[in-house]
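Participant: Quick one, structure for this:
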Amino acid sequence: MLTGQYECRVDEKWRIAIPAKLRKEFENGLVLTRGVDKCMLIYSPAEWANISAQHRYSPFSPSKHRMLGRLIFGSCYELTMDGQGRIQLPAPLREHAQVKDTVVIVGQNTFAEIWSKELWENQKALIDEQAWQLAEGIEIR
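Facilitator: Numbering: from 1, shown residues only. Sure, this is the predicted structure:
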């Protein structure tokens with residue numbers, strides 16, 4: 001399970017160190033892709049296989065399926081951590097997420113999000129402001 005929030009500095013080669021608590025999940029590699037929000041999504045290979053299986057479509061599928069496939073799979077990168085637990089953030093994903101010098105990795109149970117620090121602060125403020133409304137509208141099973 002991927003949980004918590006971790007602030008990470010981006011080095012001059014656009015690398016970040018995956019927090020030690022999360023590294024075991026990604027020891028066999030990871031998949032980094034564009035999120036629907038202004039963030040990146042990070043998956044283990046096993047979880048990415050689950051996502052891929054759920055999003056099968058053909059060139060004749062409805063346009064929303066084709067467009068979602070382009071968004072998810074067209075911007076996906078398979079990466080491995082170096083010996084120090086670092087990954088390099090690809091330029092298209094850095095631009096999408098507006099990454100500068102600091103990112104925040106946010107655990108989301110089966111995957112994690114990578115946010116620019118500034119956009120995460122905005123998102124966190126929105127969550128804090130709407131927390132009670134979010135809780136009211138969700139049915140827990």
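Participant: Contact partners for the residue of the chain positioned farthest from its centre?
Facilitator: Here the centre of the chain is the reference, and by C-alpha atoms, centre = their mean the most remote residue is Phe60, at 28.3 Å. Listed by C-beta atoms under 8 Å, 6 or more residues apart in numbering, the contact set of Phe60 is empty. (C-beta placed from N, C-alpha, C; glycine too.)
Participant: got the residue ranges for the strands in the protein?
Facilitator: Using DSSP state E, the strands of the chain run over 5-9, 15-17, 30-34, 40-43, 77-79, 86-88, 102-107, 112-116.
Participant: Next, format those strands as CSV and append mean neighbour count, distance to Lys64 and mean pLDDT.
Facilitator: Listed next are the strands of the chain as CSV, based on neighbours: other C-beta atoms under 10 Å; distance: least, C-beta to C-beta, whole Å; pLDDT from 0 to 100:
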stretch, mean neighbour count, distance to Lys64, mean pLDDT
strand 5-9, 14, 32, 98
strand 15-17, 18, 32, 98
strand 30-34, 22, 16, 97
strand 40-43, 24, 19, 98
strand 77-79, 15, 24, 97
strand 86-88, 18, 31, 98
strand 102-107, 20, 26, 98
strand 112-116, 24, 22, 98
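Participant: wait, which of those strands is closest to Asn50?
Facilitator: Nearest of the strands of the chain to Asn50, taken as C-beta to C-beta: strand 40-43 at 8.7 Å.
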